[in-house]
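Colleague: prediction below, plus the sequence it came from.
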Amino acid sequence: MTIATISGVRGILNGDLMPADVAAYARGFSSVATSREVLIGRDTRSTGDLISRLVRGALLEAGKSVVDYGVISTPALFRESRTRGSAAVMVTASHNEPEWNGLKFVLDGRGVDQGEFDRLVRPPRSAPRAAVGATARPGPTPSYVEEIVRMAGGEGSCEGVKVAADLNGGAAIAHAPAILQGLGCRLTALGGTPGVFSRKVDPTNDDLDLLTATVRDEGCDVGFAFDCDGDRLVLVDGSGRKRTGDYMLTLAMKEILPTLETRSVAVSADTTQAIDDVVSALGGKTYRSRVGEANVISKMREERVDVGGEGSSGGLIDGRFNFCRDSMLAAITIVRAIRRDGPKALDGVPSYSQARLKLAMERRKALAAIRRLQKEHPDADALDGIKIAVSRRAWVLIRVSGTEDVVRVSAESPTPKESQRLAETYLDRLQRLSQDE
């Protein structure tokens, strides 16, 4: 089943996502995009080139000139969209496995909102008249690498920090090594062949055995693992321990917020309460949004805060530079902290334990089961699914995924054992409620 939300369109090409569907989505986007040109980029999946061609043809037919960047990360394409003032289409299924692919839609450096998405999936019945002179050309070299190196302090500013980077054949190959080496890091790169995936695409769902062993064996200060389109990040500390996305996000925010005038943030409903601890200690406020990058960004804009993110994906959003999750902004923030304070920089934030489970379930049944839970817990937070405060320091969130046909159950508490127990208890409860449907 094709998934179509403001997070993007995802499916399996020639399965539930047909070439005609791709072209239709691209034509619909052309009716929303006001810029004369549209940028196209893709990650390293085997179907990416074909889908890019379909998108390019549909956009040209609709009168849009196309600038094709080929393989580029999602953050780099978002940045190009922002600096050029042009709409963009990223061909990617993000953290889904390699057989999936899809489209992300970008307007002026931000993802489309719900109203814009609704318009592009239901475009006007009359096709747009093709403009004379619509062209397609290769994109220039993105400024992303140069800009991030400059933001981090310039060439050689992190000299001597030993970093292992698990690129896993994804689009981060196009910029992560150049940025880290430009900063002077001593880099060990893994998975540097585009399109060759040696682990799960989503690093949050993989044990990262090779990366953890490399960090330990080579005495690295830190390891980073990227997903296929380069927006998600997972951190491995100097002892070879994989840290959660929530921990990585908390650490990055602790480094960034003291440099800002406004120290409030926006995060998704499933992000760790450790963020609240850090932000309140700095005199700021934590705003919560529905899960999903676009929802976090909408909340950031609504509350006029510069920084946000999603703990589940290790997704740092720094709106001063990019209105999307940007793994390299998080990575350079952590590398700079290590350069300043050494390995102890990775141990300076509060931490809770999370358990995140998922269950394949028909969407109709899942929503009905969640409604029953809401009746059982009328005081629970219903911002996104249902979030139940089990105690002052423990909670459970049950929600239907926006990117897969699954229900997600997230739990947090001070201990791993308790978090796992909570997640399993409510997953079982949800399953039993769905069977009564």
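Modeller: Looks like it came in fine.

Colleague: tell me which other helices or strands the longest helix that the chain contains touches.
Modeller: Longest helix of the chain, by residue count under DSSP state H: helix 416-435. Applying 3 or more CB pairs under 8 Å, 6 or more residues apart in numbering; DSSP states H and E, one finds that helix 416-435 makes contact with strand 353-360, helix 363-376, strand 394-400, strand 406-413. All C-beta atoms are positioned from the backbone trio N, CA, C, and that covers glycine.

Colleague: right, and R137 touches G70 too?
Modeller: No: using CB atoms under 8 Å, R137 makes no contact with G70, being 11.8 Å away.

Colleague: looking at those two, which one has more neighbours?
Modeller: Legend: neighbour count by other CB atoms under 10 Å for R137 and G70, higher for G70 (14 against 10).

Colleague: element containing that one?
Modeller: strand 65-71 (DSSP states H and E).

Colleague: how far does that strand sit from its chain's centre?
Modeller: Put simply, strand 65-71 sits 22 Å off its chain's centre (CA atoms, centre = their mean, to the nearest Å).

Colleague: who does it pair up with?
Modeller: strand 37-42 (parallel), strand 136-138 (parallel) (DSSP bridges).

Colleague: so which of those strands gets nearest I398?
Modeller: strand 37-42 (34.1 Å; CB to CB).

Colleague: report the residue ranges of every domain in this protein.
Modeller: Following the assignment in automatic domain parsing, the chain carries domains at 3-142, 145-347, 353-435.

Colleague: okay, those domains, which one's buried deepest?
Modeller: Most buried of those by mean neighbour count (mean count of other CB atoms under 10 Å) is domain 145-347; its value is a mean of 21.

Colleague: which helices and strands sit right next to the strand or helix carrying A189?
Modeller: Take DSSP H and E as the rule and A189 turns out to sit in strand 186-190. If you count contacts as 3+ CB pairs under 8 Å, 6+ apart, strand 186-190 packs onto strand 162-166, helix 176-182, helix 209-217.

Colleague: could you pull out the strands for the stretch 1-150 of the chain?
Modeller: Listed in chain order, the strands of the stretch 1-150 of the chain (DSSP state E, counting those that start in this stretch) span residues 3-5, 8-11, 37-42, 65-71, 87-91, 101-107, 110-111, 136-138.

Colleague: in its sheet, what does the first one sit against?
Modeller: Strand 3-5 pairs in its sheet with strand 8-11 (antiparallel), by DSSP bridges.

Colleague: okay if I get the strands paired with strand 65-71 as JSON lines plus mean pLDDT and distance to C185?
Modeller: Output for these, formatted as JSON lines (pLDDT from 0 to 100; distance: least, CB to CB, whole Å):
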{"stretch": "strand 37-42", "mean pLDDT": "98", "distance to C185": "25"}
{"stretch": "strand 136-138", "mean pLDDT": "95", "distance to C185": "30"}
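
Colleague: quick check: which of these is nearest to R356?
Modeller: So among the strands paired with strand 65-71, strand 37-42 is nearest, using CB to CB, at 28.3 Å.

Colleague: and the average pLDDT for stretch 91-99 is what?
Modeller: Stretch 91-99 shows a mean pLDDT of 94.

Colleague: neighbouring contacts of it?
Modeller: 7-8, 10, 12, 40-43, 45-46, 48, 51-52, 55, 74, 100-104, 171, 197, 200-202, 204, 227-229, 231-232, 313, 403-404 (CB atoms under 8 Å, 6 or more residues apart in numbering).

Colleague: if we go to 7 Å?
Modeller: 10, 12, 41-43, 45, 48, 51-52, 55, 74, 100-104, 197, 201-202, 227-229, 231-232 (CB atoms under 7 Å, 6 or more residues apart in numbering).

Colleague: need the pLDDT of A369.
Modeller: 89.

Colleague: distance of it from A380?
Modeller: Computed as CB to CB, to the nearest Å, the A369 to A380 distance reads 14 Å.

Colleague: T92 now?
Modeller: Applying CB to CB to T92 and A380 gives a distance of 34 Å.

Colleague: and the nearest residue to L103 once chain neighbours are set aside, what does it touch?
Modeller: Of all residues not flanking L103 in the chain, V9 sits nearest, at 4.7 Å (CB to CB, 6 or more residues apart in numbering). Contact analysis of V9 by CB under 7 Å, 6+ apart lists T2, Y25, G102, L103.

Colleague: surely the third one touches G8?
Modeller: Yes: contact between G102 and G8 holds when scored by CB atoms under 7 Å: they sit 5.3 Å apart.

Colleague: before we move on, back to that, what's the longest helix of the chain in contact with?
Modeller: Here helix 416-435 has contacts from 353-355, 357, 359, 361, 365-366, 369, 372-373, 390, 394, 396, 398, 407, 409, 411-413, using CB under 7 Å, 6+ apart.

Colleague: hmm, try it at 10 Å
Modeller: Helix 416-435 has contacts (CB atoms under 10 Å, 6 or more residues apart in numbering) with 352-359, 361-362, 364-373, 376, 386, 388, 390-391, 393-398, 407-413, 415.

Colleague: picking up where we left off before, overlap in contacts of G102 and G8?
Modeller: Residues within reach of G102 and of G8 at once, by CB under 10 Å, 6+ apart, are Y25, M90, V91, T92, A93, S94, T403.

Colleague: picking that back up, can I get the strands paired with strand 65-71 in CSV including distance to R122?
Modeller: Output for these, formatted as CSV (distance: least, CB to CB, whole Å):
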stretch, distance to R122
strand 37-42, 19
strand 136-138, 27
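
Colleague: flag the shaky bits of this protein, pLDDT-wise.
Modeller: Within the chain, the ranges that satisfy pLDDT under 70 run 1, 123-132, 402-404, 436-437.

Colleague: go again using 80 as the cut-off
Modeller: 1, 123-133, 402-405, 435-437 (pLDDT under 80).

Colleague: so R36 is in contact with S65, correct?
Modeller: Yes: here R36 lies in contact with S65, judged by CB atoms under 10 Å, at a distance of 6.1 Å.

Colleague: ok so, going back, from the shared contacts of G102 and G8, which land in helices?
Modeller: Checked against DSSP H, the shared contacts of G102 and G8 include these in helices: Y25.
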